[in-house]
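Trainee: The following comprises the amino acid sequence and a computationally predicted model.
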Amino acid sequence: MKYYLLTFLSILANHGICCTCGPERTVTDEFNGSDKIVIGTILSQEEILQTDSMEFNRLLKKGVNETQARRFTTGGYRQFTLVLSESAYKGTFATDTVLIRTGLTSGSCGFSFQIGKKYVVYGYNRDPIPNESNDKSEQFWTNNCTRTNLFNDREQKALTRIVKRNEKKSP
């Protein structure tokens with residue numbers, strides 16, 4: 001009986017931390033649902049970790065060891081620097097270098113970019129992070145549930161067609 005209970009709890013625990021996306025969206029649907037769309041090459045990566053110090057101290061006072069308390073109270077995101085290969089397909093940028101943010105892990109729907117690779121990135125705006133420095137760099141978010149992926153000609157051609165079609169509709 002213990003074996004079945006442990007197996008059930010293990011499955012339940014793993015399911016609770018997974019990234020779950022709906023069906024894959026078409027290029028048109030993703031274009032319409034995204035705030036920013038760019039093609040560019042990843043230059044660098046940085047992990048931004050943030051600890052909830054009040055909760056951390058509360059756990060320490062309850063007798064939780066420091067390593068566990070830090071694990072339960074630390075979150076954050078990964079930030080990638082991307083250089084645009086061409087003009088953006090959606091959104092405007094003051095420079096040709098943008099910051100792309102995503103979750104720390106695939107369990108939090110974080111996208112795994114590789115430095116030096118070229119990507120088509122579909123992104124969205126998000127509220128500023130509390131206590132963050134007022135960085136004036138261009139930045140937006142993406143995740144595994146968008147169409148963000150390695151660059152391919154078909155995706156680029158589909159985006160170009162959508163942009164041209166939208167330009168014809170605009171007065």
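Mentor: Perfect, thanks for sending it. No experiment lies behind these values; they were computed from the predicted model shown. Residues are numbered from 1 along each chain as shown.

Trainee: low-scoring stretches of this protein, by residue?
Mentor: 1-17, 127-137, 170-171 (pLDDT under 70).

Trainee: partner residues bridging the residue nearest to Glu155 when sequence neighbours are not counted?
Mentor: Excluding the flanking residues, the one nearest Glu155 by CB to CB, 6 or more residues apart in numbering is Val120, at 4.9 Å. Where C-beta positions appear, they are placed from N, C-alpha and C, glycine not excepted. Taking DSSP bridges as the rule, Val120 bridges to Ile39, Asn149.

Trainee: Tell me where this protein has strands.
Mentor: Here the chain has its strands, by DSSP state E, at 36-51, 74-84, 97-103, 118-123, 138-141, 149-150.

Trainee: Could you point out which of those strands sits nearest Arg165?
Mentor: Checking those against Arg165 by CB to CB gives strand 36-51 as the closest, at 14.6 Å.

Trainee: buried ones in that closest one?
Mentor: With burial defined by 16 or more other CB atoms under 10 Å, the residues of strand 36-51 counted as buried are Lys36, Ile37, Val38, Ile39, Gly40, Thr41, Ile42.

Trainee: about what we covered before: compare the strands of the chain and give me the one nearest Phe111.
Mentor: Using CB to CB, the nearest of those to Phe111 is strand 97-103, at 4.6 Å.
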